[in-house]
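# got a sequence here, can you build the structure:
(4 chains)
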2 protein chains.
Amino acid sequence: MNKNFTTDIQRASQLLKLLGDQTRLTMMKLLQSHDCCVCEFVEIFKMSQPAISQHLRKLRDIELVKETRKGKWIFYSINKDHKDYPFIQSVLEKLPGQDGLVTELEAQGLRICCE
Amino acid sequence: MNKNFTTDIQRASQLLKLLGDQTRLTMMKLLQSHDCCVCEFVEIFKMSQPAISQHLRKLRDIELVKETRKGKWIFYSINKDHKDYPFIQSVLEKLPGQDGLVTELEAQGLRICCE
DNA sequence: TGCGTATATAAGCATGTAATTATATGATAG
DNA sequence: CTATCATATAATTACATGCTTATATACGCA
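Okay, the predicted model is just below:
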């Protein structure tokens, strides 16, 4: 039993509810290895831009991710300083890597690179 | 990075969605240390019997828990043989223990004991 | 300045979820 | 056998969720 951190069960259920959506869970897994901007997610998930923005908003609202503007784009990254990041991380590390999605993006020349 | 098991991301999101409810998450945490019957859950959660039954059904439908009849009561227990039990367990072990809820039941003389 | 691109927000709608009440089932005790 | 107790299921309802379309914002560039 890991005693390094425990998460209040109510907060935990709230976090798990957020992760309990395939799109958001994949986003979080992806963000662990690559910062991504909105239009990349749109490509990756074949989903409308507002739909993506709304998922990101939920993650941002509880500060699981943060945004950084780079030129025209807004990049999202995981907030590793979040109180519950260790908990989140312990969940994500059990999931198969999703880097293939980014590789595929690059292959299509759709990966956004800022300088 | 634990490579002993990985869970398909779609199945993982489905499992996390189930755990993303405070009642069910607490149930699962409780069941890790104590088998419980329906009427105990009713007391613990101060919730109607059908509401409890419906939560248990969701957990049973994907076989996270199993039921065993003992006399008048049906006891629920965690299905440790579930393919994804290691994943579930790794989540539950990060949560604070909920044994206080059972202790409280016992104090009220409401704990069900069979033989 | 004004246009185009990237992203956010708002409103509306369809579907999903979790509760309630009412009823059915199924085992046990008399 | 019948009544009772524990639990399950069904029907209904209120609310949450996730998408769509339409519109707003905000920055970069000609």
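# pretty sure A:L15 contacts A:T7?
Yes - if you go by Cβ atoms under 8 Å, A:L15 and A:T7 touch, sitting 7.4 Å apart. All C-beta spots, glycine's among them, are computed from the backbone N, C-alpha and C.
# what residues are up against the one residue sitting closest to the centre of chain A?
By Cα atoms, centre = their mean, chain A has its centre lying nearest to A:M28, at 2.6 Å. By Cβ atoms under 8 Å, 6 or more residues apart in numbering or on different chains, the contact list for A:M28 reads A:19, A:59, A:64-65, A:78, A:88, A:92.
# part of a strand, is it?
No - per DSSP: H, G, I helix; E, B strand; the rest coil, A:M28 lies outside any strand segment and is helix.
# next, show the common contact partners of A:L15 and A:T7.
Counting by Cβ under 8 Å, 6+ apart, the residues touching both A:L15 and A:T7 are A:84, A:87.
# buried residues in the host helix or strand of A:L101?
Using DSSP states H and E, A:L101 sits within helix A:99-107. By 16 or more other Cβ atoms under 10 Å in any protein chain shown, the buried positions in helix A:99-107 come out as A:101-102, A:105.
# can I get the residues you listed in a markdown table with distance to DNA strand D and pLDDT?
What follows is the buried residues of helix A:99-107, written out as a markdown table (distance: Cβ to the nearest atom of the strand, whole Å; pLDDT from 0 to 100):
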| residue | distance to DNA strand D | pLDDT |
| --- | --- | --- |
| A:L101 | 16 | 94 |
| A:V102 | 20 | 91 |
| A:L105 | 19 | 90 |
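# do the helix or strand bottoming out on mean pLDDT in chain A and DNA strand C meet at all?
Here the helix or strand of chain A ranked lowest by mean pLDDT, DSSP states H and E is helix A:99-107, holding a mean of 92. No - against DNA strand C, helix A:99-107 shows no contacts by Cβ under 7 Å from any atom of the strand, the least distance being 12.8 Å.
# can I get the CA coordinates of that helix in CSV?
Extracted in CSV, the C-alpha atoms of helix A:99-107 (Å, rounded to 0.1, in the frame of the first residue of the first chain):
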residue,chain,number,x,y,z
ASP,A,99,2.8,7.9,-29.5
GLY,A,100,1.7,6.2,-32.7
LEU,A,101,-0.9,8.9,-33.0
VAL,A,102,1.8,11.6,-33.0
THR,A,103,4.0,9.7,-35.4
GLU,A,104,1.1,9.4,-37.7
LEU,A,105,0.6,13.1,-37.5
GLU,A,106,4.2,13.8,-38.4
ALA,A,107,4.0,11.4,-41.3
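# can you show me the strands along chain A?
Using DSSP state E, the strands found in chain A span residues A:36-37, A:65-70, A:73-78.
# any chance of CSV for the ones you listed, columns distance to B:M47, mean neighbour count and mean pLDDT?
Shown next, in CSV, are the strands of chain A (distance: least, Cβ to Cβ, whole Å; neighbours: other Cβ atoms under 10 Å in any protein chain shown; pLDDT from 0 to 100):
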stretch, distance to B:M47, mean neighbour count, mean pLDDT
strand A:36-37, 41, 22, 96
strand A:65-70, 34, 14, 96
strand A:73-78, 35, 18, 97
